[in-house]
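Undergrad: model the following, please.
(one chain, ligands or ions: 1)
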Amino acid sequence: MTIQTPIAFTGAPLDLAENRRSGDDLAGFLKDTNARAFVMYHGRFLVKSGDLVMVHPSQIKGTHLYDPGPLFLGLDGKVPMFAFSFAKEEEAAGLVKGAALDHLRNLAFLMDGRQLALAGRAKSLFDWHRSHRFCSNCGAESKPQAGGVTRQCPACETDHFPRVNPVVIMLVLDGDKCLLGRGPNWPEAAYSALAGFVSPGESLSEACIREVKEEVNIDVANPEYKLSQPWPYPGQLMMGMFCEAKNTKITLDPKELADAKWFTKDEVRSVFEGTNPQKGTPFICPPDFTIAHQLIKLWLAN
Ligand SMILES: [Zn+2]
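TA: Coordinates of the predicted model:
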């Protein structure tokens, strides 16, 4: 059992072209006959036959667009890649015959890694523009810069950079058992790794220890970083860890979890390999494009 490499939402084949993101360079990329753009409306993507719809940026003239207008994702070889987010659903949906808008959560089950990486980057950047229109220093409306990867305030000249929120996600281990939890609004049988936001002033290890203590009142030792994943809902960076339980009695924080259980390696393997034990499937595992799925796989492989 091997983990997915690159993990979903990473591996975009892009040169970010940091020094060619404005003025004549950006205008030239938009006019380049090779240029391609994909189309969004409120976090949904225009797709046809399971693939992102790609159009030339010139096909998008004269429409209603959200900030930053053309979002320059970078260069895929010699192909300038853009994304546009429409303000009117009918304009986005009607751009290409036979295409339809769909959520990234659905597309993550269908799209290949390259498309998913591009779509995740675009979604996180558009979500950031939508929620950071105004300068957090003085309150004036800020303006997109550098092809949509930064904003600047015209009043106080503060530069604003896209926000990435760090989250620890951890597999708590006790010998051949691991602890998985179920969130308050999750389906009855769905269990996954515990997770929580890193707080200012904390290391990843400290955040891991605190979150496990808060959620299930278990003390853990030896937090060990394993792998990470950008999570574009809207802009988290998930940092996957293993840690060892020093005690095993679970006391739930009901605000955070509806349930948490210890599962044996055999039980978890039966779920991941689709071989149900006689009692039926012990739980429903997180989808394979999630870091939780890959983290559990990594544990099963060792
Ligand atoms: Zn300002």
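
Undergrad: pull out the buried positions in stretch 103-114.
TA: In terms of neighbour count (16 or more other Cβ atoms under 10 Å), stretch 103-114 has its buried residues at Leu104, Leu107, Ala108, Met111, Gly113. Every residue, glycine included, has its C-beta placed from N, CA and C.

Undergrad: what distance separates the start and the end of that stretch?
TA: Using Cα to Cα, to the nearest Å, one end of stretch 103-114 lies 17 Å from the other.

Undergrad: residues contacting it, please?
TA: Contact with stretch 103-114 is made by 6, 8, 10-13, 43-45, 47, 50-52, 116, 119-120, 123, 232-233, 287, 289, as judged by Cβ atoms under 8 Å, 6 or more residues apart in numbering.

Undergrad: and the gap between the residue nearest to Thr2 when sequence neighbours are not counted and the ion?
TA: Spatial nearest neighbour of Thr2, excluding adjacent residues (Cβ to Cβ, 6 or more residues apart in numbering): Ala301 at 6.6 Å. Separation of Ala301 from the ion (Cβ to the ion, to the nearest Å): 50 Å.

Undergrad: which strands and helices sit next to the helix or strand containing Cys243?
TA: Using DSSP states H and E, Cys243 sits in strand 236-245. When contacts are defined as 3 or more Cβ pairs under 8 Å, 6 or more residues apart in numbering; DSSP states H and E, strand 236-245 packs onto strand 165-174, helix 204-216, strand 220-231, helix 291-301.

Undergrad: as CSV, the buried residues of stretch 103-114 with secondary structure would be great.
TA: As requested, the buried residues of stretch 103-114 are exported to CSV (DSSP: H, G, I helix; E, B strand; the rest coil):
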residue, secondary structure
Leu104, helix
Leu107, helix
Ala108, coil
Met111, coil
Gly113, helix
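
Undergrad: quick check, nearest of these to the ion?
TA: Leu104 (31.2 Å; Cβ to the ion).

Undergrad: report pLDDT for that closest one.
TA: As summarised for this prediction, Leu104 has a pLDDT of 93.

Undergrad: next: Asp159.
TA: pLDDT, read off for Asp159, is 97.

Undergrad: burial measure for it, as a count.
TA: Applying other Cβ atoms under 10 Å, we find 11 residues neighbouring Asp159.

Undergrad: now do the contacts for Lys249.
TA: Lys249 makes contacts with Asn217, Ile218, as judged by Cβ under 8 Å, 6+ apart.

Undergrad: then Pro184?
TA: Pro184 neighbours (Cβ under 8 Å, 6+ apart): Pro254, Lys255, Glu256, Leu257, Ala258.

Undergrad: repeat for Ile169
TA: Per Cβ under 8 Å, 6+ apart, neighbours of Ile169: Ala193, Leu194, Ala195, Met238, Met239, Gly240, Met241, Ile291, Ala292, Leu295.

Undergrad: still on that earlier bit, and the buried residues of stretch 103-114 as a markdown table, adding distance to the ion?
TA: Shown next, in a markdown table, are the buried residues of stretch 103-114 (distance: Cβ to the ion, whole Å):
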| residue | distance to the ion |
| --- | --- |
| Leu104 | 31 |
| Leu107 | 36 |
| Ala108 | 36 |
| Met111 | 38 |
| Gly113 | 39 |
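
Undergrad: Ala140 against His160, yeah?
TA: No - the criterion here is Cβ atoms under 8 Å, and Ala140 misses it with His160 at 11.5 Å.

Undergrad: more neighbours: those two, which one.
TA: Just comparing Ala140 and His160: by other Cβ under 10 Å the higher neighbour count belongs to His160, 19 against 13.

Undergrad: show me what the more buried one bridges to in the sheet.
TA: Beta-bridge partners for His160, by DSSP bridges, are Arg151.

Undergrad: swap in Ala190?
TA: Following DSSP bridges, Ala190 is listed with bridge partners Ile284.

Undergrad: neighbours around Gly139, how many?
TA: Look at Gly139: counted by other Cβ under 10 Å, it has 11 neighbours.

Undergrad: can you tell me how far it is from the ion?
TA: From Gly139 to the ion the distance is 7 Å (Cβ to the ion).

Undergrad: ok, now Leu125?
TA: Leu125 sits 20 Å away from the ion when distances are taken as Cβ to the ion.
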